[in-house]
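Novice: A predicted structure for the sequence below; I have some questions about it.
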Amino acid sequence: MIVANPPRFITSHRPLRAAALVRAAIDPVVAIATLLACVVSLDGGLDGPALILTLLVFALTFPGSRDWSHANARALVRDIVANWLVVIGLLLLLGWASQTLDAFDRHSIAAWALATPALLFAAHRVAPGVLARVLAAEDRQRVAVIVGANELGRGLAARIAANPLLGIRVAGYFDDRGAQRLGDTGARRVLGPLRNLADYVKSGRIDIIYIALPMCSHPRVRMLLDELHDTTASIYFVPDILLFDLIQARVDTIGGMPLLAVCESPYAGINALIKRTSDLVLASAILVLTAPLAAAIALGVKLSSPGSVLFRQRRYGVDGREIVVYKFRTMTCLEDGDVVRQVTRDDPRTTRFGAFLRRYSLDELPQLVNVIQGRMSVVGPRPHAVAHNELYRKLIRGYMIRHKVRPGITGLAQVRGLRGETESIEKMCARVECDLEYLRHWSLLLDLRIVLRTIVVVLKRDNAY
């Protein structure tokens, strides 16, 4: 049998597209509307520079990245303020570089910069409720059934119920197993065995069918597709591989054949160019600005203790390939063998000048050269010594996934306080989980936020020794 129209993987629904469009547009709409209001009311009217500024604001804020699932206002405020500071910082940098800062009225720009975060907060608190009420209307909801009352099917039903912005109501399940084998299916009832599915769909107003059968049930899936061929319902196949932890999961095609990415680098396609360009710009700028400081540190290392200025150690880079990482030497020894002991608080191997460098992370400056070389990134999972990698890859599930990208000088784990010694397996697990979270949610805006938060962390000197 040839299936003319194979089932689609779950990607989006019409109500979800509407919700996603509103969420993507809310930041630029609020920011641009506030900008125009401030310029018109305080500056007297629009001119060429103001219109160009609106285009820049749109480019920097679309699509919106905030998650409407924020349960508490404090988390949402932190998110909005952090992102808005990045946007304002980039605009000021562009204005300074192009020498166009004087083209704008400072009072209107200041009022806009202060008012926008408050209005963004209000919009993000109000919009989800309004949109959810609109989509909750019975004539706007789409009715779905789930084939398979298993763990995957019940998990899908729970996620649909938890997201009213989908505009979907699950009528129930279809499953061949009896009530005793199925156990508790929650508030949704089993509508019948699989053989009754096609008749039920044809007789009722069913818009969506989710097939949540195990991948080993291929013959039954093919049979269902054949029976549902003359219905108008949308059919989605939910592979049970989604029960596993996925990194950058997405659907792709090769010559029209669908593929499901299970574990992929976030730097695919244009993202690779964006990441590499941002690394080169940031690393070059910091190298130029810190060149006098780096020269003074090199002299201090040479005068404070005998040995080389730079410390070289083998680490794992992208795809697990070995690289050589540079640092200013902070210890009396240069360990790079099969056994490498982590630095501890008040470690006797650390020199006095080295302790000062480590306290403010100044020993990391030579790694900017690694970034220029393409071995590292400014932001990414921190590289560990080869000996530590070989140890932890055996103890922590998914440890080597962090090597899907170039290691970074700073990372999400570091700005969350997971710096310094990892004297327990639990601490390393927490650090790895942060690294995997970074891979799942990478964006250029996230990188910029981590860089800004790194400055605060370094000044606080938490776990720096």
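Specialist: Received it, and whenever you're ready, just let me know what you need.
Novice: so where's the protein uncertain?
Specialist: 1-20, 64-71, 135-140, 179-180, 183-187, 241-245, 333-347, 420-422, 461-465 (pLDDT under 70).
Novice: how about the strands in it?
Specialist: For the chain, the strands defined by DSSP state E cover 8-9, 142-147, 168-174, 190-192, 208-211, 234-237, 250-254, 257-261, 310-316, 322-328, 377-379, 408-410.
Novice: which of those sits closest to Ser304?
Specialist: Across these, Ser304 has its closest neighbour in strand 322-328 (10.7 Å, Cβ to Cβ). All C-beta atoms are positioned from the backbone trio N, CA, C, and that covers glycine.
Novice: that closest one vs strand 310-316, what angle?
Specialist: If you take axes from the mean of the first three to the mean of the last three Cα atoms, to 10 degrees, strand 322-328 sits at 150 degrees to strand 310-316.
Novice: strands paired with strand 322-328, and their directions?
Specialist: strand 310-316 (antiparallel) (DSSP bridges).
Novice: for the partner strand, which positions count as buried?
Specialist: 311, 313-316 (16 or more other Cβ atoms under 10 Å).
Novice: related to what we said a few turns ago, let's have the strands of the chain in TSV, adding distance to Pro292.
Specialist: What follows is the strands of the chain, written out as TSV (distance: least, Cβ to Cβ, whole Å):
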stretch	distance to Pro292
strand 8-9	54
strand 142-147	63
strand 168-174	60
strand 190-192	73
strand 208-211	62
strand 234-237	60
strand 250-254	45
strand 257-261	46
strand 310-316	18
strand 322-328	15
strand 377-379	20
strand 408-410	20
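Novice: of all the ones you listed, which one is nearest Leu299?
Specialist: Proximity to Leu299 (Cβ to Cβ) singles out strand 322-328 among the strands of the chain, at 10.9 Å.
Novice: what comes up buried for that closest one?
Specialist: 323, 325-328.
Novice: with only the CA atoms kept, save it in PDB.
Specialist: What follows is strand 322-328, C-alpha atoms only, in PDB (Å, rounded to 0.1, in the frame of the first residue of the first chain):
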ATOM      1  CA  GLU A 322      40.700  17.600  21.500                       C
ATOM      2  CA  ILE A 323      41.800  21.200  21.500                       C
ATOM      3  CA  VAL A 324      44.400  23.100  23.400                       C
ATOM      4  CA  VAL A 325      43.100  25.900  25.700                       C
ATOM      5  CA  TYR A 326      45.100  28.900  26.800                       C
ATOM      6  CA  LYS A 327      45.000  30.500  30.200                       C
ATOM      7  CA  PHE A 328      47.300  32.700  32.200                       C
END
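Novice: ok now that strand, how far from the chain's centre?
Specialist: Its chain's C-alpha centre and that of strand 322-328 lie 27 Å apart, by Cα atoms, centre = their mean, to the nearest Å.
Novice: circling back to that earlier point, can I get the buried residues of strand 310-316 in a markdown table with distance to Met428?
Specialist: Putting the buried residues of strand 310-316 into a markdown table (distance: Cβ to Cβ, whole Å) gives the following:
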| residue | distance to Met428 |
| --- | --- |
| Phe311 | 22 |
| Gln313 | 18 |
| Arg314 | 19 |
| Arg315 | 15 |
| Tyr316 | 15 |
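Novice: and of these, the nearest to Trp112?
Specialist: Trp112 lies nearest to Arg315 out of those, by Cβ to Cβ, at 44.6 Å.
Novice: thought that closest one was touching Glu322?
Specialist: Yes: at 7.3 Å, Arg315 counts as touching Glu322 under the criterion of Cβ atoms under 8 Å.
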